[in-house]
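S.K.: Compute the structure for the input listed below.
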Amino acid sequence: MTIPAATVAKYAPHGNAQLSFQLANEVYSTDPATGNTITTTSNSESVEYLAAIKLQSPDWKGEPGADNTTYSCEGRLLTPAKLDTRITNGSQAEAVINGYRGRFEFVWDLSMPKNDYSDLRQQIRGVFRVIGGP
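M.R.: This is a model prediction of the structure:
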């Protein structure tokens, strides 16, 4: 994650989550042999956000095998204040939340249209799965 320490310090203690989405631009072209439209991706870029996210306690049962515990979470973006338009429902990001590395899957608040957010800082919801320790 490349959010500068000065930016993180500016939002302390609220900025407990760093999210890094890998976004690519889709390019459409026509296959000359078949005439079919082909979708390719180009110009992949990393878009990073600092957020204040609260994790909900999971319903966890100790079972043998891999730990598939997920945490429901919600909060608000701190910087930048709005999500990139290429981030859609189900987009995944590398994340560090409360010092734990993992994967964050973004979920829109389906009770209101995506473009009707009026708050200064956009609300975010999702699911966080811890992949490594602190």
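S.K.: dump the residue contacts of the closest residue in space to Asn36 that isn't next to it in sequence.
M.R.: Distance criterion Cβ to Cβ, 6 or more residues apart in numbering; nearest residue to Asn36, sequence neighbours excluded, is Thr30 at 7.2 Å. Glycine gets a C-beta too; all of them are placed from N, C-alpha and C. Going by Cβ atoms under 8 Å, 6 or more residues apart in numbering, Thr30 touches 36-38.
S.K.: Out of the residues you listed, which sit inside strands?
M.R.: 37-38 (DSSP state E).
S.K.: Can you convert the contacts of Thr30 into a markdown table and add a column each for distance to Val96, pLDDT and neighbour count?
M.R.: Shown next, in a markdown table, are those (distance: Cβ to Cβ, whole Å; pLDDT from 0 to 100; neighbours: other Cβ atoms under 10 Å):
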| residue | distance to Val96 | pLDDT | neighbour count |
| --- | --- | --- | --- |
| Asn36 | 41 | 89 | 9 |
| Thr37 | 39 | 86 | 9 |
| Ile38 | 36 | 84 | 10 |
